[in-house]
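Chemist: make a model of this:
(chains A and B)
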Amino acid sequence: MRLLDAMILIYFSKVDLLEALLQLPDLAVTTSVRNELRRSSPAREAVEAAIADGLLALCDIDPENGTERTLYIMYRDGDGFDGLGEGEATSMSVACARGLTFVSHDRKARERAASGGIRLLDWPDLLAELNDAGVITARQRRQAEQAIRSLLRE
Amino acid sequence: MADIRIGQRVAEARSQLGLTQAETAEKLGVARSTLAEMETGARKITADELYRLTEVLSRPLQYFFSVQEPASIFSFRLKNEEIGEPARRALIGLDNRLAELAALERFSGIAVRPQLKHYSIEGWKNPDVAGRNIAMMERARLQLGPSPLPNVREVLEQRVGLLAFGDYVPAGDFSGAFASDGERSAILINVAHIKGRVNFTLPHEYGHAVVMKNGVHIELRGYVDAHEERFADAFAANFLMPLDALEDALERASISPPEITSDQVLFLASQFGVSFEAMLNRLTHFNVIERKHAGELKKTAKPLARSRELGLPDPRDEFDSLPQTYRRMACMAFHKGSISRGRLAEFLGTDQDRAYDTYAAWAASVDVASAGDKVKRGAAA
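Modeler: Just a heads-up that it's a prediction; the model follows:
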């Protein structure tokens, strides 16, 4: 299972590849990420439809699981640590506790995830996977890479 | 058996918000007995229920997960017969803001500690006199001189280090609050009111701040100590519109009372950043105009429409829900690499793209190397 951060979905939506992305298997978001997208994002409707259709799973912290709760507090506000957004912190807590993959482009979140031994992917990995699966062409992949980099101001 | 701690947090949050088990259960869509079991730990709470509880109880996820007792300014229950639910939620929001401020201090390396001087009003028989004298002492302490203070929020933020947050509480008696947890203090303003009124509420709350120490003061008609309210009103009026400043303004504008016109009152109100009514009351208080004439002006004037015609600032201008210092601290925390873009967006109450734009504009406008010192100085000079 791959837990997607909100910005991944937003940028795929901005380059019109969200529908394509949602064809990949084993994709999930936490309710915090879903809520972030619901508030204001071009991906909102597509994400809600994908959840309703079972293309995107909801995968949340188990409130009764002490490890997941502790990880969340640590990622969010832990003393001596950096502060992550709620979506990032919930995704990483679940990914860390259950051995899942976290998909994010945020530098800070990725640093924390890497140091915590969490399996990581970024948007170029997903574009490559889409290309490998024949969902998009190599040309589409290059165009999307360029477009996302431009959106990210990199 | 479920983890009892989350249940306890649910019970605490519910109690602080002043909701009964039955009311909370109804909002949550479960039976009262189910909620009672959740609170005692007899029943597990699902993730879906917990997310709904964050909304129903106006508390963030970490409030329920925190190992330590969450810090709260509310050691008491907000009684629903005295304060409406929207106002109670706004007060809980202020509590959450103080917790966020504590986190932001850690991430940005900038501590905001209001430089409050405390006065006692116990010895004063007349609260109006106490309000006037203490306001004068505060103006002198803050070296404000005799000038009007059209942006009193900035004055409190820059010179006292007292931050004011805004929240929208629809029609009702709630106008604001002051809260202090012993280290951090903040004012909450109901932004549903027009700016002139908001500008009066700010020093009014500041008046409460200088005579109380820790705790919460809630500004609500019918929920007040009459002596302290009269003090805070007099404090606010004299802090915003001291007699010498008013006399200067009248002289500069060549206004000769008692033939003052409603346009002139509007002009003065705009200069002092108060409402037409507040200025009229002040001028009447100082006998600059007669009560009868003031009554006529009040009846005939159309302050909002006329302000627009005269090109004066619109008194309904929005009050930014976040203080500038708080925004700068969030930008600094992001700049230092202490928070992710997602967390920056949460602090700024917007989406990640807009949050980054705010950060970029801030970074372009300041010498980032010395910005931390500037924020520090600005917050508690």
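Chemist: residues from chain A in reach of chain B?
Modeler: Residues of chain A found near chain B, taking C-beta under 8 Å from any C-beta of the partner chain as the criterion, are A:5-7, A:10, A:31-32, A:35-36, A:39-41, A:60-64, A:66, A:69-70, A:72-73, A:76-77, A:79, A:82-88, A:90, A:106-109. C-beta coordinates here come from the backbone N, C-alpha and C atoms, glycine included.
Chemist: continuing past whichever strand or helix holds A:Glu111, what's the next helix or strand?
Modeler: Element membership of A:Glu111 [criterion: DSSP states H and E] is helix A:107-115. Later in the chain than helix A:107-115, the nearest helix or strand by DSSP H and E is strand A:119-121.
Chemist: quick check: what element follows that following strand along the chain?
Modeler: Following strand A:119-121 in sequence, per DSSP H and E, is helix A:123-132.
Chemist: in that next one, what counts as buried?
Modeler: A:123, A:126-127, A:129-131 (16 or more other C-beta atoms under 10 Å in any protein chain shown).
Chemist: what's the answer for stretch B:49-60, then?
Modeler: B:49-54, B:56-60.
Chemist: so which of these reach chain A?
Modeler: Checking the buried residues of stretch B:49-60 against chain A (C-beta under 8 Å from any C-beta), the matches are B:50-51, B:60.
Chemist: now do the contacts for B:Phe319.
Modeler: By C-beta atoms under 8 Å, 6 or more residues apart in numbering or on different chains, the contact list for B:Phe319 reads B:153, B:166, B:189, B:191, B:195, B:198.
Chemist: would it count as being in a strand?
Modeler: No: judged by DSSP: H, G, I helix; E, B strand; the rest coil, B:Phe319 forms no part of a strand; its state is coil.
Chemist: re the thing from before, quick check, nearest of the buried residues of stretch B:49-60 to B:Pro127?
Modeler: For those, the residue nearest B:Pro127 by C-beta to C-beta is B:Ser58; the value is 34.2 Å.
Chemist: not counting residues beside it along the chain, what's closest to whichever residue of chain A sits closest to chain B?
Modeler: When scored by C-beta to the nearest C-beta, chain A has A:Gly85 as its residue closest to chain B, at 2.3 Å. Using C-beta to C-beta, 6 or more residues apart in numbering or on different chains and skipping the chain neighbours, the partner closest in space to A:Gly85 is B:Gly342 (2.3 Å).
Chemist: if we can go back for a sec, which ones among the residues of chain A next to chain B map onto helices?
Modeler: If you go by DSSP state H, the residues of chain A next to chain B have A:6-7, A:10, A:31-32, A:35-36, A:39, A:66, A:69-70, A:72-73, A:76-77, A:86-88, A:90, A:107-109 in helices.
Chemist: need the pLDDT of the residue nearest to the spatial centre of chain A.
Modeler: Most central residue of chain A, judged by C-alpha distance to the mean C-alpha position with C-alpha atoms, centre = their mean, is A:Leu4 at 1.7 Å. At A:Leu4, the model reports a pLDDT of 97.
Chemist: next, count neighbours for the closest residue to it other than its chain neighbours.
Modeler: Spatial nearest neighbour of A:Leu4, chain neighbours left out: A:Val103 (4.9 Å); criterion: C-beta to C-beta, 6+ apart. Per other C-beta atoms under 10 Å in any protein chain shown, the neighbour tally for A:Val103 reads 25.
Chemist: which of the ones in helices among the residues of chain A next to chain B are buried? Put it as a ChimeraX command.
Modeler: Only the buried entries of these go into this ChimeraX selection, using 16+ other C-beta under 10 Å:
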select /A:6,7,10,31,32,35,36,69,72,73,76,77,86,87,88,90,108,109
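Chemist: just give the closest residue to residue 97, not the sequence neighbours.
Modeler: This is for chain A. A:Glu68 is the one closest to A:Ala97 (C-beta to C-beta, 6+ apart), at 4.7 Å.
Chemist: chain B, not that one
Modeler: Per C-beta to C-beta, 6+ apart, closest to B:Arg97 is B:Phe165, 5.3 Å.
Chemist: correct me, but the one you found touches B:Leu94?
Modeler: Yes: using C-beta atoms under 8 Å, B:Phe165 makes contact with B:Leu94 at a distance of 6.4 Å.
Chemist: in the stretch 251-381 of chain B, what residue comes closest to chain A?
Modeler: Residue nearest to chain A within the stretch 251-381 of chain B: B:Gly342 (2.3 Å; C-beta to the nearest C-beta).
Chemist: what secondary structure does that residue sit in?
Modeler: helix.
Chemist: rewinding a little: what's near enough to touch the residue nearest to the centre of chain A?
Modeler: For A:Leu4, the contact set (C-beta under 8 Å, 6+ apart) comprises A:27-29, A:33, A:56, A:91, A:103.
Chemist: mind putting the residues you listed in CSV, secondary structure included?
Modeler: As requested, the contacts of A:Leu4 are exported to CSV (three-state DSSP):
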residue, secondary structure
A:Leu27, strand
A:Ala28, strand
A:Val29, strand
A:Val33, helix
A:Leu56, coil
A:Ser91, helix
A:Val103, strand
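Chemist: so A:Phe102 lies in a helix, does it not?
Modeler: No: under three-state DSSP, A:Phe102 falls outside any helix and is assigned strand.
Chemist: give me the number of residues near it?
Modeler: So A:Phe102, with other C-beta under 10 Å, has 25 neighbours.
Chemist: test my guess that it contacts A:Gly116.
Modeler: No: with contact defined as C-beta under 8 Å, A:Phe102 does not reach A:Gly116; the gap is 9.5 Å.
Chemist: contact residues of chain B facing chain A?
Modeler: Going by C-beta under 8 Å from any C-beta, the residues of chain B near chain A are B:2-3, B:6, B:44-48, B:50-51, B:60-62, B:64-67, B:103, B:106-107, B:333, B:337-343, B:345-346, B:350-353.
Chemist: quick check: B:Arg88 touching B:Leu17?
Modeler: Yes: B:Arg88 is within contact range of B:Leu17, at 5.7 Å (criterion: C-beta under 8 Å).
Chemist: overlap of the contact sets of B:Phe165 and B:Leu94?
Modeler: B:186, B:188.
Chemist: ok, these two, which is more surrounded?
Modeler: B:Phe165 (25 against 22).
Chemist: packing partners for the helix or strand encompassing that one?
Modeler: Secondary-structure assignment from DSSP H and E places B:Phe165 in strand B:163-167. Judged by 3 or more C-beta pairs under 8 Å, 6 or more residues apart in numbering or on different chains; DSSP states H and E, the packing partners of strand B:163-167 are helix B:85-108, strand B:185-190, helix B:195-211, helix B:324-335.
Chemist: check which element follows it along the chain.
Modeler: strand B:174-180.
Chemist: what's next to that next one, contact-wise?
Modeler: B:73, B:83-84, B:86-87, B:90-91, B:94-95, B:98, B:185-190, B:193, B:197, B:201-202, B:204-206, B:208-209, B:212-220.
Chemist: note down every partner strand of it and its orientation.
Modeler: Strand pairing for strand B:174-180, determined by DSSP bridges: strand B:185-190 (antiparallel), strand B:215-220 (antiparallel).
Chemist: and these, which one averages the lowest pLDDT?
Modeler: strand B:215-220 (a mean of 70).
Chemist: count of neighbours near B:Ala361?
Modeler: Count around B:Ala361 with other C-beta under 10 Å applied: 11.
Chemist: quick one: contacts for it?
Modeler: Taking C-beta under 8 Å, 6+ apart, one finds nothing in contact with B:Ala361.
Chemist: surely it is in a helix?
Modeler: Yes: counting by three-state DSSP, B:Ala361 is located in a helix.
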